[in-house]
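In: Predicted model follows, preceded by the sequence.
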Amino acid sequence: MRIRQRSEDGGEGRAAVATHSTISAAFSVADVERERWLFITPHDDDVVLGAGMLLAHSARAGVRTTVCVVTDGRMGYCRADQREDIVSIRGAETERAMEILGGADIRRLEYPDCDLPNHAGRRRIAGGTASGVGSGGAVGSSAGAGRGGATLEAPDPRGGHSGLQNSLTALLRDLRPTRVFVPTGADYHPDHQIVYRELLISLFHATGAVWPELGAPLDAPPSLYEMAIYCDFPAPPTLKVEGSEEAFAAKLEAIAVFASQEQISAIVEGVRAAGPFEYFREVRFSLYDSRHYAELFRGDETP
Ligand SMILES: [Zn+2]
């Protein structure tokens with residue numbers, strides 16, 4: 001395994017590339033025991049496609065990892081007779097895929113697949129209280145009827161609330177990860193775009209003091225990395241994982257586990273043909289600071 005790391009300080013507009021042969025070196029990890037990685041996957045198979053080899057190598061290096069599956073996969077059926085069982089089928093496929101890739105813990109948030117626009121933000125569950133994480137479980141929403149008059153579902157109730165910002169803030173405060181990986185917000189799939197946006201704001205919520213019923217604030221935001229699933233990165237990636245033969249074989253085997261997805265054999269062949277490479281982009285938070293702009297307006301200093 002090799003990890004190549006690109007940084008924009010190569011001089012004359014070129015990037016410098018460093019090569020590392022261990023996870024610890026590539027991520028500047030002093031003590032792997034203290035690492036806790038969180039992969040957010042909108043749908044069950046995204047993380048395997050985007051980061052299967054990194055999961056395999058980091059597991060072997062001893063990194064404790066959780067994969068959080070945001071949606072329940074209910075829209076992932078390819079045959080009418082799968083429609084009733086697809087949620088449990090995909091859940092079982094993910095468990096098997098994670099076994100193959102080194103045994104990450106799995107958290108399922110069970111938000112309705114392809115309906116994440118209705119679940120952005122945070123809303124109080126009807127009759128819910130703010131006493132304690134994990135309370136509630138009632139279906140319904142004080143936000144009132146959803147589109148078409150139907151009552152909105154309230155998945156993953158915590159602290160008497162539901163919604164992606166509620167779930168992700170609670171998850172971050174519970175797991176307290178050192179690094180978080182998520183599909184880029186540039187993907188065409190709206191579920192991917194929404195998960196990306198909601199994760200970024202949830203990182204700020206989790207680090208701040210709001211919503212104390214969701215757990216103690218983080219001391220500092222974790223490092224954040226984008227992974228590409230179906231579309232290119234919005235800016236060049238900063239890490240290239242060149243996986244071992246063993247990790248590549250494990251990734252291909254883990255993708256093939258998602259047999260409920262009828263196009264899966266074509267995807268396996270596409271990944272095999274592209275070779276044992278994965279790319280990631282570290283995301284730097286750019287928070288407003290008026291001093292960033294002072295230089296732009298230097299000139300005539302007469303009062
Ligand atoms: Zn997806």
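Out: Structure's in. What do you need?
In: Other residues contacting stretch 277-286?
Out: By CB atoms under 8 Å, 6 or more residues apart in numbering, the surrounding residues in contact with stretch 277-286 are 50-54, 181, 184, 203, 221, 223-228, 233, 235-243. Bear in mind the C-beta positions are built from the backbone N, C-alpha and C, glycine included.
In: Quick check: residue 4 touching residue 239?
Out: Yes: using CB atoms under 8 Å, residue 4 is in contact with residue 239, at 7.2 Å.
In: quick one, strands of the stretch 1-150 of the chain?
Out: Assigned by DSSP state E, counting those that start in this stretch, the stretch 1-150 of the chain shows strands spanning 2-7, 16-20, 36-41, 64-71, 105-111, 123-124.
In: Which other helices and strands does the fourth one contact?
Out: Counting by 3 or more CB pairs under 8 Å, 6 or more residues apart in numbering; DSSP states H and E, the packing neighbours recorded for strand 64-71 are strand 36-41, helix 46-60, helix 86-100, strand 105-111, helix 164-175, helix 190-207.
In: Nearest to the ion, out of these?
Out: Smallest distance to the ion across the helices and strands packed on strand 64-71 (CB to the ion): 4.1 Å, for helix 46-60.
In: could the strands of the stretch 1-150 of the chain be laid out in a markdown table, adding mean pLDDT?
Out: Formatted as a markdown table, those follow (pLDDT from 0 to 100):
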| stretch | mean pLDDT |
| --- | --- |
| strand 2-7 | 95 |
| strand 16-20 | 94 |
| strand 36-41 | 98 |
| strand 64-71 | 98 |
| strand 105-111 | 97 |
| strand 123-124 | 95 |
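In: between those strands, which one is nearest to residue 165?
Out: strand 123-124 (9.6 Å; CB to CB).
In: Sheet partners, orientation included, of that closest one?
Out: strand 161-162 (antiparallel) (DSSP bridges).
In: Quick one: mean pLDDT over the strand it pairs with.
Out: In this model, strand 161-162 has an average pLDDT of 97.
In: quick one on the thing from earlier: how about the helices and strands packed on strand 64-71 in a markdown table, adding distance to residue 154?
Out: Compiled in a markdown table, those are given as follows (distance: least, CB to CB, whole Å):
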| stretch | distance to residue 154 |
| --- | --- |
| strand 36-41 | 20 |
| helix 46-60 | 24 |
| helix 86-100 | 17 |
| strand 105-111 | 10 |
| helix 164-175 | 10 |
| helix 190-207 | 16 |
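In: May I see those organised as a markdown table, with distance to residue 286 and mean neighbour count added?
Out: Output for the helices and strands packed on strand 64-71, formatted as a markdown table (distance: least, CB to CB, whole Å; neighbours: other CB atoms under 10 Å):
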| stretch | distance to residue 286 | mean neighbour count |
| --- | --- | --- |
| strand 36-41 | 21 | 24 |
| helix 46-60 | 23 | 25 |
| helix 86-100 | 34 | 19 |
| strand 105-111 | 28 | 18 |
| helix 164-175 | 20 | 25 |
| helix 190-207 | 11 | 20 |
